[in-house]
Structures are given as structure tokens and as C-alpha cells.
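when you get a sec, could you give me coordinates for this:
(chains A, B, C and D)
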Number of protein chains: 2
Amino acid sequence: MGQQTTKKRIMDVAEQLFATRGVSGTSIRNITSRAKVNLAAVHYHFGSKESVLEAVVSRRLVPLTAERSALLDEYERQSKGEAVELPKIIEALVGPALRLSRSSEKGGEYFMRLLGRLVMEPDAKIQRILTDHFRLSLEKFKPPLEKALPHLKPADFFWRVHFLVGAMVHTMADSERIQIVSDGICNPDDTEGTVKRLVSFISAGMEADT
Amino acid sequence: MGQQTTKKRIMDVAEQLFATRGVSGTSIRNITSRAKVNLAAVHYHFGSKESVLEAVVSRRLVPLTAERSALLDEYERQSKGEAVELPKIIEALVGPALRLSRSSEKGGEYFMRLLGRLVMEPDAKIQRILTDHFRLSLEKFKPPLEKALPHLKPADFFWRVHFLVGAMVHTMADSERIQIVSDGICNPDDTEGTVKRLVSFISAGMEADT
DNA sequence: AATTAATTTAAACAAACGTTTGATTTCATG
DNA sequence: CATGAAATCAAACGTTTGTTTAAATTAATT
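This is a model prediction of the structure:
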């Protein structure tokens, strides 16, 4: 053991600290002391601070992209040649991410907050990491989306995908504000309720008259 | 002179660096060297790094909130007692912010990117600053929004405002990604086109069937 | 049990961090 | 032109930063 445990402990703590204090706001010493691991372990196992970030992101984003893809495949199978209904497509895109962000396995919550931060990061390296993952989902979802929205001009299509991403990322990354702003009326722990609401909001927005 | 110029130069540079590198990713030395100002000037004029952030945020957010409010007032005057149409309300909320984020006076662009970052920041002090400003807009816009959406239950109402904020913040903060993702098809410099698209997306989302 | 490889460890490195200090320069007012 | 306040300055403070090194320990292989 050792190997497995140390590496995972570093990633778990890094995920949490990157999410709550930001990447540059988190020092390697913050990570190693909380993970109860030697300071040099980070460089031994990852090589650099940035490589830790890359590992943390890929660990969750790879399975997430796969899950989205599989869910869309299933919906396409169910529709038997017919175009998949728009809400189904949106649900395949939004559902897995939102469920991860609310998973009882705490990592998901921190990860999605981290992702919300990283999306706003102009740093070229970070953007390349995110774009590489995002492009996979976009390529997969673009054809069925276009089929479900045949009347949309290309520019309108991309703009609405942009708005979609904004609503999605904000909802996943920031589960506390809605509770504060709504004075406790909204419960972000009701994952399936949130998915339904988000899917209906986005679907209606995507289908709006131009 | 001196006073005015130095203080403004610090705020302008801080706004840009906070936006592009993050708050904790920006050192006071980064700011002062680029602003061509002595290192101690920051503490002389502001007292601390955090106070610089607070000044930078308030400088833009106070007039922005006022402009939103004035625009809504005008739309309410125009509708002469009738409920203001939903797209008008959304336009009063979204338009001024988006125009600021695309203003040729470069500051707006950086500021909105900074705002996008700060929204994702869990730090309590930063959240308090933002919430204080945001609450003013929410209190102003809540009554006409509820009047335009009388069928919405409170929980649905707040959730949709949450989605609205996500789409809006993401659009204002991240004007480069849409260009990359759309392969240049979408032009974020077409401010009024973007406002129209965003207003119609959000309006449709807010009015979706539950 | 001996040997090699894989980890972990404490210690050190220069560089950069936010903040403070006290002297010096610039400015407006008399 | 002198006086007092406001602003700028270079220098230094104790910490903390990411990274490296070489020795010590643990694990796996022969």
C-alpha cells in the first residue's frame, strides 16, 4: 500500500482545497499537512502542483463524460430512430453532472465547485484541459441537439449552448447561494427536483422563438 | 494631482489582474509594478489588499445597480400601471451588465470576468460584498418579476432566478469561449445581438411550464 | 536472508509574499 | 517664500511559497 493511499489522499484534499480556496490560494503545504503526508510526496507522485490539478480534474471528468454519453445512447436506443426529445437530451447532459455535484460521496460537491472556478480561469493551460474534455461532450451531443432544434441558425445554436452551460455550471457549483437567497425555500439537496427544474428551464430557453 | 491618479491607476490595474489571474494569484507587487507606482502606495491609499478588491467591486457595481433600477423605472412608467412584460424586465436586468462587460472602455470587460470569479468564491467576506449589492437588485426586481410570472410557486421562482443568474454571469464573464467553441461563428462584440438572444433565452426559460 | 526498487522523510533553497517603517519629496495654503 | 499636510519613496520585517536533495525507511524480488 502506501502508494495508492498517499496519492489518493493528496488528490482528495487537493480537490477540496482547490475548490474552497482556489488553486493559487492553496499551497502544497496546505495539502500535505491536511492529508497527513510528507511535503515532498506531492512532487514525488505528481511532479508539480499543476499536475495535481490535472489529475484531480481528469479523475472525475472522464467518467462523467462517459456517463453522459452512455445515457444519451440509451435515450437514442429508446427512441428507435426517431429524434430524441429535447428534454431527454438536456437531461443526459445535465443530470449526471448535477447528481455528481450532489453525491453523498463528498468529492463530487467539491469537484463541481472547483469546476465552476476553473471555467472562469483564463489561464491557457487550464482552459486547454477543460476544453479537451468539453469538446468530447459537445461533439457527442451536437447532432441530436441540432436534430431536436432544426429551425435554429448556427449562431443562435451556439449562443444557446453557451447560455445552457452557464445555467448548468452555476447550478452545480453554487448550491449554497440558492438557499440563502431564497431564505431556505429552495432545497438544493433535492437533486432530482433540481434536475427537473433545470431541464425544463433550459429546454424552454433552447426552444424560444428567435 | 498624484492622489487621484495613483489611486485610480492601482484600481484599474488591480481590476485587470484580479480578473485574469485571480485575487490570490495577484500580488501587490504585481499591481504596483504594472501601475508604475510605489509598493507602499497600496497600503497608503487602501490599507490592505482586500480593501482594494472591495473598492474595485463597488466602483462598478454601485452605478450598475443604479442603472438597472433606472431602466426598470422607465419601463414601468411606459407600461402605465400595467404589468411590465417579462422580456422588458429581463432586459433591464441583463442589458446594463452586458453592455458594461462589452464597453469599449476596457475596464468593463475585466470587471465582469472578475465578477464571474468572485461569484464562485466561497470566501465569506467576498460573498458578503457581492450579496449586499445583489440583494438591492433582487429587492427591486422581485415584485415586477412575480407580477409577470403569477403562476410560479415560490420555490420555482427562486430556482429560475438562480438559473437566470448563471446564464447571465457566464455570458458576461466569458466572452472568449463562445468564439472558440463556435469556431468564430458567434461574435461576442455584437452586444445588442447578444442581449436580445440572452433575453429571449431567459424569458422563455422563466415562462416554461412546470 | 540478501538485494534491489519504491516510498517516505527532514532539511534546505532562493524567491516572492503582505505589511510596516521612517525619511524624502511634492503639493496646496498662508 | 515659508509652513504644514499629503503623497511617494527605498528598505527592511518575518512568513510563506514551489521545488530540490540526499538520507532513511519500507516493500517487493531473488
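
for the rest of this, base every contact and every neighbour count on C-alpha atoms.
Will do.

residue A:188 reaches residue A:179, doesn't it?
Yes: assessed by C-alpha atoms under 8 Å, residue A:188 is found in contact with residue A:179 at 7.2 Å.

quickly note the distance from the nearest residue to residue A:39 once chain neighbours are set aside to residue A:56.
Nearest residue to residue A:39 in three dimensions, chain neighbours excluded: residue A:32, at 5.5 Å (C-alpha to C-alpha, 6 or more residues apart in numbering or on different chains). Distance, residue A:32 to residue A:56, by C-alpha to C-alpha, to the nearest Å: 15 Å.

residues contacting the residue nearest to residue A:39?
A:10, A:38-39, A:41-42 (C-alpha atoms under 8 Å, 6 or more residues apart in numbering or on different chains).

those residues also near DNA strand D: which ones?
Counting by C-alpha under 7 Å from any atom of the strand, residue A:39 from the contacts of residue A:32 sit close to DNA strand D.

now the contacts of residue A:32 as TSV including pLDDT?
Output for the contacts of residue A:32, formatted as TSV (pLDDT from 0 to 100):
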residue	pLDDT
A:10	97
A:38	97
A:39	97
A:41	97
A:42	97
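
same list (the contacts of residue A:32) but as JSON lines, adding secondary structure and neighbour count.
What follows is the contacts of residue A:32, written out as JSON lines (DSSP: H, G, I helix; E, B strand; the rest coil; neighbours: other C-alpha atoms under 10 Å in any protein chain shown):
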{"residue": "A:10", "secondary structure": "helix", "neighbour count": "24"}
{"residue": "A:38", "secondary structure": "coil", "neighbour count": "12"}
{"residue": "A:39", "secondary structure": "coil", "neighbour count": "15"}
{"residue": "A:41", "secondary structure": "helix", "neighbour count": "16"}
{"residue": "A:42", "secondary structure": "helix", "neighbour count": "22"}
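
from the contacts of residue A:32, which is closest to residue B:69?
Within those, proximity to residue B:69 (C-alpha to C-alpha) peaks at residue A:10, which comes in at 47.8 Å.

quick one: residues contacting that closest one.
Contacts of residue A:10 (C-alpha under 8 Å, 6+ apart): A:31-32, A:35, A:37, A:42.

closest to residue B:148 among those residues?
Closest to residue B:148, out of all of the contacts of residue A:10 and judged by C-alpha to C-alpha, is residue A:31, at 49.2 Å.

now the closest one: how far from residue A:59?
18 Å.

circling back to that earlier point, the residue nearest to residue A:39: what secondary structure?
helix (DSSP: H, G, I helix; E, B strand; the rest coil).

what's the distance between it and chain B?
Per C-alpha to the nearest C-alpha, to the nearest Å, residue A:32 is found 20 Å from chain B.

ok, residue A:172 next?
From residue A:172 to chain B the distance is 10 Å (C-alpha to the nearest C-alpha).

how about the helix of greatest length in chain A, does it reach chain B?
In chain A, assigned by DSSP state H, the helix with the most residues is helix A:49-78. No: judged by C-alpha under 8 Å from any C-alpha of the partner chain, helix A:49-78 makes no contact with chain B; its nearest approach is 13.8 Å.
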